[in-house]
Structures are given as structure tokens and as C-alpha cells.
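> Dropping a prediction and its sequence here:
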Amino acid sequence: MTTLKVHTIESAPEESKTLLQDSQKAYGMIPGLHGVLAASPSALKGYQVLHELFVNTSFNEEELTVVWQSINVEHSCHYCVPAHTGIAHMMKVDNEIIESLRNETPLTNAKLESLRTFTLSLVRNRGNVSQEDLEAFYAAGYGEQQVLEIILGVSQKVISNYTNHIANTPVDAAFQKFAWEKK
């Protein structure tokens with residue numbers, strides 16, 4: 001099992017110190033993922049920027065959660081699934097949605113299920129989705145903007161999921177109660 005160092009503000013490269021301070025201010029702690037990414041100031045900054053851009057897309061809290069967790073679960077991210085479970089609870093996302101995503105069961109809301117299905121198709125096919133997948137997604141009420149916004153979300157999650165796999169990032173204490181393993 002591989003591990004990478006989880007930096008603190010004190011141990012981080014100089015260029016990452018301010019970025020970690022920003023994380024501390026925003027979250028009341030330095031998430032372990034941010035501590036790992038701090039070894040590369042560019043990686044940490046890129047992740048933070050992508051996160052900010054994605055949360056400011058056209059998606060609401062439920063839709064953000066569907067995209068994030070669909071990717072996290074598909075990538076079997078031991079760190080991000082618990083973290084985004086806690087975040088979803090903080091965003092007041094319905095528990096039924098949270099549990100369906102964690103357990104890979106269909107969502108009862110047809111539009112959200114279409115979002116989940118399309119996101120998974122995009123990830124599993126590395127962007128090579130079929131015309132039928134696009135048409136089904138559009139028929140659910142989404143459009144070209146949302147296709148591109150999912151790609152933005154995938155970009156953010158590739159950074160975090162892949163980093164956590166390599167780093168074996170410990171789940172933050174605040175999210176340990178949401179521990180998860182792929183079934």
C-alpha cells in the first residue's frame with residue numbers, strides 16, 4: 001500500500017502554505033486531501049479552483065452530490081465517498097439520495113437518475129458517450145451546458161480520487177462515521 005505525506009501548514013512547501021490556510025478558513029480544518037496535494041502547490045491550487053468552479057455551475061446541491069458521488073463510488077474512493085457523504089448532509093441533501101448513491105442503487109427521482117446514469121456513462125466510457133446517452137440526458141431536461149459541467153466535475157474528482165488511491169489518504173475525523181467500502 002502506498003502513502004504520500006499529509007502536509008500541515010508548517011511542513012508544506014512555501015507556495016502551499018497560503019492555500020492550506022485558505023482551506024483551514026473555509027472548512028475549519030485542513031482536509032487530508034488538501035494536505036497531500038500541498039506537496040505540489042500547482043496540484044492543490046488546481047484542485048481548489050476546479051472545486052470552486054464546479055460548485056458554481058448550474059447544478060443544485062442534490063445534482064452536485066449526484067455527480068460527485070457517482071464518480072467517487074465508480075472510482076472506489078475510500079476518502080471521497082465518506083467526505084462527500086458528510087458534505088451532502090451539510091448541504092441538506094435527502095438521505096435517500098445519499099444512501100442510493102453510496103449503495104449504487106437507482107435514484108427514485110427520474111431526473112437525478114438520468115444525471116447519475118449519464119455521469120457514469122461518461123466516466124466508464126472515458127468521454128465516449130453514445131448519441132442515445134446524450135439524447136436520454138437531454139430528454140431528462142439537461143443540456144449541453146450540463147454535459148460540459150459534468151466533465152468539469154470529473155476533472156475535479158480525477159484529481160482527488162487518484163490522489164487518494166496513491167496516497168492512501170486517511171479519512172478525516174469529521175467523516176469517519178461515514179466510512180465506506182465498495183460492494
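Noted; the coordinates are in hand.
> going forward, measure contacts and count neighbours with C-alpha atoms only.
Will do.
> For residue 8, I want the exact helix or strand it lies within.
Using DSSP states H and E, residue 8 maps to neither a helix nor a strand.
> so where's this protein shaky on pLDDT?
Where the chain drops to pLDDT under 70, the residues are 1.
> Just give me the neighbour total for residue 105.
11 (other CA atoms under 10 Å).
> any idea how far residue 25 is from it?
To residue 25, residue 105 is 36 Å away according to CA to CA, to the nearest Å.
> Same question for residue 97.
Applying CA to CA to residue 97 and residue 25 gives a distance of 29 Å.
> What of residue 131?
Taken as CA to CA, the span from residue 131 to residue 25 is 44 Å.
> cool, residue 121 as well?
Plainly put, residue 121 is 36 Å away from residue 25 if you go by CA to CA.
> which outside residues touch stretch 144-155?
The list of residues contacting stretch 144-155 from outside it, by CA atoms under 8 Å, 6 or more residues apart in numbering, reads 50, 51, 54, 57, 58, 59, 67, 68, 71, 119, 123.
> Now do the helices in the chain.
In the chain, the helices defined using DSSP state H lie at 14-27, 32-37, 41-55, 61-74, 80-90, 95-103, 110-124, 131-139, 144-167.
> for those helices, which one sits closest to residue 6?
helix 32-37 (4.4 Å; CA to CA).
> now what about the closest one, what contacts it?
4-8, 12, 20, 23, 43-44, 160, 163-164, 167, 169-172.
> related to what we said a few turns ago, looking at residue 121 and residue 25, which is more packed in?
residue 121 (17 against 11).
> I'd like the distance between the closest residue in space to that one that isn't next to it in sequence and residue 144.
Computed as CA to CA, 6 or more residues apart in numbering, the closest residue to residue 121 that is not its neighbour in sequence is residue 129, at 6.3 Å. To residue 144, residue 129 is 13 Å away according to CA to CA.
> Stretch 140-157: which residues count as buried?
By neighbour count on 16 or more other CA atoms under 10 Å, the buried set for stretch 140-157 is 142, 146, 147, 149, 150, 151, 152, 153, 154, 156, 157.
> So which residue is dead centre in the protein?
residue 68 (3.9 Å; CA atoms, centre = their mean).
> hang on, that one packs against residue 84?
Yes. With contact defined as CA atoms under 8 Å, residue 68 and residue 84 form a contacting pair (7.4 Å).
> Could you pull up the residues touching the spatially closest residue to residue 179 that is not a sequence neighbour?
Once flanking residues are discounted, residue 179 sits nearest to residue 82: 5.3 Å by CA to CA, 6+ apart. Applying CA under 8 Å, 6+ apart to residue 82 gives the contacts 171, 175, 176, 177, 178, 179, 180.
> Please list all residues in contact with the last one.
Looking back up the chat, that one is residue 180. Contacts of residue 180 by CA under 8 Å, 6+ apart are 78, 81, 82, 102.
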